[in-house]
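In: What would the 3D arrangement of this be:
(chains A and B)
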Amino acid sequence: MNEAVRKISEDLWDGRDELEVLTFDIAGEMFALEAFIVQEILDLLPETVVPGAKAFVGSVINFRGKVIPLADIRLAFGMEATKPTIDSRIIVIELDIDGEPVLAGIRTDKVHEVTTLLRAAGEPPPSVGMRWRPDFIDCLVKRGTEFIIIPNLQAIFSAQHDHPAAVGSHS
Amino acid sequence: MSFPDPIAVFRTEAAELLEQIEAGLLDLNVNLGDKDQVDAVFRGLHTLKGSGAMFGFDALAAFTHHCETAFDRVRKGEVPATQELVTAVLEAKDHMRALIETPAGDHEAASEVLLANLRAAVEGAKNPGAAQTAGTVPAKTLFKIRFSLPQNAMANGTNPLPLLDELRELGECKIVADRSAIPSLDLLTPTDLHISWDVELLTAQPRSAIEDVFIFVMDEMQLDITAVEATAPAARASVKSEAAPSPQPVAATQDMAAAARAPTPASALTAPADTKPNKASENVRVPAEKLDELMDRVGELVIAQSRLSQLAGGSGDLQLRAVSEDVERLSGELRDTMMVLRMVPVAHLFSRFRRLVHDLAHETGKTIELITEGESTEVDKSVIERLADPLVHLVRNSCDHGLETPEERRAAGKPEAGRILLSARQQAGEVIITIKDDGRGINKDRVRAKAEASGLIPSGASLTDNELYQLIFQPGFSTAQQVTNLSGRGVGMDVVKRTIDALRGTINVASHPGQGSEISLAIPLTLAIIDGLLVRVGAGRYVIPLSAVEECLELSIEEDMRSRGRSFISLRDSLVPFLRLRDLFRTGTKPDPFQKVVVISTGAERVGLVVDQIIGDHQTVIKAMSKLHHDVATFSGATILGDGDVALILDVGHLVAEGQQQEAHLRAAG
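Out: Take a look at the predicted model:
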């Protein structure tokens, strides 16, 4: 398992020593996504619930005239739901799913900044002592006393896409 | 945005050229003396050859060259245009398409056969007078040519040197470069072209040969050709009419050319140069997805504008309100214009039927006249594309089965030429396309007999004429008995019906024995927009396609209470099952006190949908659902409402299926 995870991490860094990322908070944890996949940061928008859809992508929003799904990463990591605050934002990202670009929104509690993470500070996710699925995490990067989680969105979205029962089937 | 693939661009261009060539040939077929069409076909072939060679389609270039040569001779009056020639070139044109689509394929043999046909057609057409021309030594004429290219010609890839070489090939040539326009060194841009040329050319070739040298740069350049003197005194007159060699021996063939050209010897030169830029400015090629993008932007604008209107309405600021009203009007107009952009005239679609009918007439030995009407009627491009196949089938059917042979027609006292009318017109939100023939009409007894034999209807069933005609669209209704090589295309009438259904259209058939039949297709103008009924279920708003809605009624309290056990309402003495969308969507809200039932029909099934509120009619721009939602079959798409919210569009068919499943569960449980 550890080797597999290390390989994913290699994919992420792709020989680079630095990564430009956007950092944000979800349910008290700090996450980071590579800046180039981020299309836009939006204020919260009215959501339309899609009856019958998986809870992970349970609603859609109107993003500049396109109807895009709004994903809730908390469900993939089994986190507590948080109430929207004045800082809540939607990050719109473009993902490659089965070779097609797909736009999706991610609900976050607060968006921090675009910053540079060093490869040297990165660690693969530990295979024990973590309540999250290790394959959903590309890398943990230490910054001060905190860890920033770089989630593997491909894995998270593909899990929702291919195996509906795997995660997010709320009870 | 990457550059488009040059080969793909060439293919699109070539397809258009082939269409032009075909149209020209067909026009020529009607009026063999039409010089303009000869020129048009020649220009098309010439351009195709040139750009084919440029993009590496060498086989195409070589093959096209022969056709071009043949037409060049027609153009020069050496050979008259004949039906045989037109047919040969039409066939050659189809071969060119194959050469473009599969340049690597093995076309050698086919090319040879077609070229032999072409040669035969040309030789057969040559009359004795023309044969004589070849024998006589043509007189030479001295031309003074002055030409200058635009300053940016070299930047655009034009090189004047090959042009000069080509002139040299025509005959004895004295070329002088005019350098007077070259500026001083400090003002000189090395890539600009400042030189013009004076050429004295002594040649036996006609003026058109000189024009041909410049055919690709004709539009931008200045070209001045004057015939100064002829070595043979008699040739001076002939210079005017195409600088024909010596006029006496070829008078017969020259007459036609001269007649066409004589009134406008000077304008003949400018005519091709004039028509080309016009054509270029008529059309701009834009990929459809860019239009969709623009449509999205306009949709956003409309939404932003409706927010502005709300703000302005609330503020009481009169100036703000005035501006907001202006924006509202403008964005409305913009949206209307946008809708129109996707529309293309059906002329596009109709033009290909001229060829089809021409070929069919040839194959069946019937004389068929195709009349088209309302070609300017506009329909959404995607609809046009999907209409092509069913229309081809219907037209084939009319030619093959509808029209009688000339003998039969004469016996019936009709004109020998059968007539097929293809017309389009707009009516409300639909376009009506009609295929009408004056043939024998549909034989009702035979349709009935066949339907009874194949078990589609019980024998002796009483059917209206329309019901009877609709039977021909049934999958089981085979016309196998009368299959010819024309109709054996694998597209049956049931496929026609299915395609039209998929376009949410309808088919009407009318027929009078002995007078012909008429098939009308009514198709909605666009697929991107549907009329919807906006309803509210719990807190969510949904759109039901209006075409599926039969009626709306209120769910009475008694029926609501009673239906705990069975979900049926009685509607005019028949029981209609209904679904509570609130339950299906698990909204978890309390029902409104006065719920409504929207009765929809899916094929034979009628189902009521219980909603909380019917909001009203809504013009719905359909947006596809995200890939991440492809597992949700209940909705066929989504749309954006005036206030910017998203409303989901119900997929009626799936919804009913899901409802029936749920009902089965309930039954099993209770």
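
In: Show me what counts as buried in stretch B:74-94.
Out: With burial defined by 16 or more other Cβ atoms under 10 Å in any protein chain shown, the residues of stretch B:74-94 counted as buried are B:74-82, B:85-93. Heads up, the C-betas are built off the backbone N, CA and C, glycines and all.

In: Please disregard the earlier target; I meant stretch A:79-99.
Out: Using 16+ other Cβ under 10 Å as the burial criterion, the residues of stretch A:79-99 that qualify are A:Met79, A:Ser88, A:Arg89, A:Ile90, A:Ile91, A:Val92, A:Ile93, A:Leu95, A:Ile97.

In: For the closest residue in space to the second one that isn't next to it in sequence, give me its contacts.
Out: In other words, A:Ser88. The shortest distance from A:Ser88 to any non-neighbouring residue, by Cβ to Cβ, 6 or more residues apart in numbering or on different chains, is to A:Leu44 (5.3 Å). Contacts of A:Leu44 were listed using Cβ atoms under 8 Å, 6 or more residues apart in numbering or on different chains, and they are A:Pro84, A:Ser88, A:Arg89, A:Ile90, A:Arg107.

In: okay, those in CSV with secondary structure next?
Out: Supplementary listing: the contacts of A:Leu44 in CSV, determined by DSSP: H, G, I helix; E, B strand; the rest coil:
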residue, secondary structure
A:Pro84, coil
A:Ser88, coil
A:Arg89, strand
A:Ile90, strand
A:Arg107, strand
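
In: out of those, who's nearest B:Ser547?
Out: A:Ile90 (35.0 Å; Cβ to Cβ).

In: I'd assumed A:Leu45 was in contact with that closest one.
Out: Yes: contact between A:Ile90 and A:Leu45 holds when scored by Cβ atoms under 8 Å: they sit 6.5 Å apart.

In: what about B:Val327, neighbour count?
Out: The local packing of B:Val327 (other Cβ atoms under 10 Å in any protein chain shown) involves 17 other residues.

In: Tell me if I am right that it is in a helix.
Out: Yes: according to three-state DSSP, the state of B:Val327 is that of a helix.

In: now A:Glu123: how far from B:Ser309?
Out: Here A:Glu123 is placed at a distance of 54 Å from B:Ser309 (Cβ to Cβ, to the nearest Å).

In: intersection of neighbour lists for A:Ile90 and A:Leu45?
Out: Shared contacts of A:Ile90 and A:Leu45, defined by Cβ under 8 Å, 6+ apart, comprise A:Ile61.

In: Could you look up the SS state of A:Asp96?
Out: Look at A:Asp96: counting by three-state DSSP, its state is strand.

In: residues in contact with it?
Out: A:Val102, A:Gln154.

In: now swap in B:Gln427 and tell me
Out: B:Gln427 is in contact with B:Ala522, counting by Cβ under 8 Å, 6+ apart.

In: is it in a bridge, and if so with what?
Out: As for beta bridges, B:Gln427 partners with B:Glu430 under DSSP bridges.

In: so what pLDDT did it get?
Out: According to the prediction, B:Gln427 has pLDDT 76.

In: And it, how far from B:Leu202?
Out: Taking Cβ to Cβ as the criterion, B:Gln427 is separated from B:Leu202 by 66 Å.

In: If we go by neighbour counts, what in the host helix or strand of B:Leu421 is buried?
Out: With elements taken from DSSP states H and E, the one containing B:Leu421 is strand B:418-427. The neighbour-count check on strand B:418-427 (16+ other Cβ under 10 Å) flags B:Gly418, B:Arg419, B:Ile420, B:Leu421, B:Leu422, B:Ser423, B:Ala424 as buried.

In: Could you pull up the residues touching B:Ser148?
Out: Here B:Ser148 is in contact with B:Asp178, B:Ile195, B:Ser196, B:Trp197, B:Met221, B:Gln222 (Cβ under 8 Å, 6+ apart).

In: Let's see that with 6 Å instead.
Out: The contact partners of B:Ser148, by Cβ atoms under 6 Å, 6 or more residues apart in numbering or on different chains, come to B:Ser196, B:Gln222.

In: Bridged to it, which residues?
Out: Taking DSSP bridges, one obtains B:Ser196, B:Gln222 as the residues bridged to B:Ser148.

In: any idea how far B:Leu32 is from it?
Out: Using Cβ to Cβ, B:Ser148 is found at 39 Å from B:Leu32.

In: swap in B:Leu193?
Out: Applying Cβ to Cβ, one obtains 43 Å for the distance of B:Leu193 from B:Leu32.

In: Output the below-cut-off pLDDT ranges for the chain.
Out: Because you didn't say which chain, this covers chain A. Of all residues in chain A, those with pLDDT under 70 make up the ranges A:1-14, A:127-129, A:160-171.

In: meant chain B, my bad for not saying
Out: Within chain B, the segments meeting pLDDT under 70 span B:1-4, B:125-139, B:229-282, B:303, B:428-429, B:475-492, B:526-529, B:562-566, B:602-604, B:658-670.

In: next one: the biggest helix by length in it to chain centre, how far?
Out: Of all the segments of type helix in chain B, defined by DSSP state H, the longest one is helix B:288-315. Distance of helix B:288-315 from the chain centroid (Cα atoms, centre = their mean, to the nearest Å) equals 31 Å.

In: In helices, which of the buried residues of stretch B:74-94 appear?
Out: Within the buried residues of stretch B:74-94, residues falling in helices by DSSP H are B:Val74, B:Arg75, B:Leu85, B:Val86, B:Thr87, B:Ala88, B:Val89, B:Leu90, B:Glu91, B:Ala92, B:Lys93.

In: And these, which two are furthest apart?
Out: The distance between the two most remote of these (Cβ to Cβ) is 20.2 Å, for B:Arg75 and B:Glu91.

In: do you know how far the residue in the stretch 51-200 of chain B that chain A sits nearest to is from B:His95?
Out: Using Cβ to the nearest Cβ, B:Glu101 is the residue of the stretch 51-200 of chain B that sits closest to chain A, at 26.4 Å. Look at B:Glu101 and B:His95: by Cβ to Cβ, they are 11 Å apart.

In: which of those two has more neighbours?
Out: When B:Glu101 and B:His95 are compared for neighbours, B:His95 comes out ahead with 19 against 11, by other Cβ under 10 Å.

In: In which helix or strand does the more buried one reside?
Out: Using DSSP H and E, the element containing B:His95 is helix B:83-101.

In: Repeat that for B:Pro577.
Out: B:Pro577 is located in strand B:574-580, with elements delineated by DSSP H and E.

In: what's the answer for B:Val379, then?
Out: Since the elements are taken from DSSP H and E, B:Val379 ends up inside strand B:378-380.

In: Also B:Leu391?
Out: Element membership for B:Leu391 (DSSP H and E) is helix B:381-397.

In: can you pull the buried residues of whichever helix or strand comes after that helix?
Out: If you walk from helix B:381-397 toward the C-terminus, the next helix or strand you reach (DSSP H and E) is helix B:406-411. Residues of helix B:406-411 classed as buried: B:Pro406, B:Arg409 (neighbour count, 16+ other Cβ under 10 Å).

In: Walking through chain A, point out its strands one by one.
Out: Counting by DSSP state E, chain A has strands at residues A:18-26, A:29-34, A:38-43, A:48-49, A:59-63, A:66-71, A:89-97, A:100-108, A:110-118, A:122-123, A:137-143, A:146-151.
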